[in-house]
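S.K.: next one to model:
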Amino acid sequence: MTRVLAAASLALAAVLGAGCASQKQQEEKRDVGQVSDDATLTAKVKSAIASNVGARTAAAINVDTYRGIVQLTGFVDSSDQANRAMAAAQKVGGVKSLKNDLRVKSPS
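M.R.: Residues are numbered from 1 along each chain as shown. Presented below is the predicted three-dimensional model:
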C-alpha cells in the first residue's frame with residue numbers, strides 16, 4: 001500500500017511539474033503579431049540611431065527587441081556616440097524600456 005501511494009505521489013508530482021513548465025513556456029512565447037511588432041520596432045530604432053549618430057556607427061550597434069524592451073549592444077568610438085544612440089532609441093514610440101550594453105572602444 002505504501003508503495004502504491006508513493007508511486008501515485010510521484011506520478012502526480014510529474015504531471016503537475018509538466019503543467020507548470022508548459023505554462024511558463026506559453027508565457028514566454030510571442031505570437032506572430034508580437035514578433036512582427038518587435039521587428040518593426042527594431043527597424044525604427046536602428047533608423048533613428050543611424051539618423052542621429054551616422055550609418056557607420058549605427059552599423060556597429062546591434063538592436064534586439066523583445067516585447068517592446070530594446071537592448072543596444074556593440075562597440076562605439078566614444079561615450080558621446082553611446083549617449084546619442086540611447087537618446088535616439090528612447091525617442092522611438094513603442095519602446096517600453098531600454099537596456100544599454102554599448103561599450104566604448106579602447107584607444108589603439
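S.K.: disregarding residues adjacent in the polypeptide, which is nearest to the most centrally placed residue in the chain?
M.R.: With distances taken as CA atoms, centre = their mean, Y66 lies nearest the centre of the chain, 3.8 Å away. Spatial nearest neighbour of Y66, excluding adjacent residues (CB to CB, 6 or more residues apart in numbering): D38 at 6.3 Å. C-beta: built from backbone N, CA, C; applies to glycine.
S.K.: that neighbour: what's it in contact with?
M.R.: R30, T65, Y66, R67, G68 (CB atoms under 8 Å, 6 or more residues apart in numbering).
S.K.: give me the neighbour count for the fourth one.
M.R.: Around R67 sit 13 other residues, with neighbours defined as other CB atoms under 10 Å.
S.K.: the last one now?
M.R.: Neighbourhood size, G68 [other CB under 10 Å]: 13.
S.K.: from A88, how far out is it?
M.R.: As judged by CB to CB, to the nearest Å, G68 and A88 stand 17 Å apart.
S.K.: output the below-cut-off pLDDT ranges for the protein.
M.R.: Residue ranges of the chain with pLDDT under 70: 1-28, 30, 108.
S.K.: which stretches in it count as strands?
M.R.: In the chain, the segments counted as strands under DSSP state E are 61-66, 69-76, 97-104.
S.K.: thanks again, I'm all set now.
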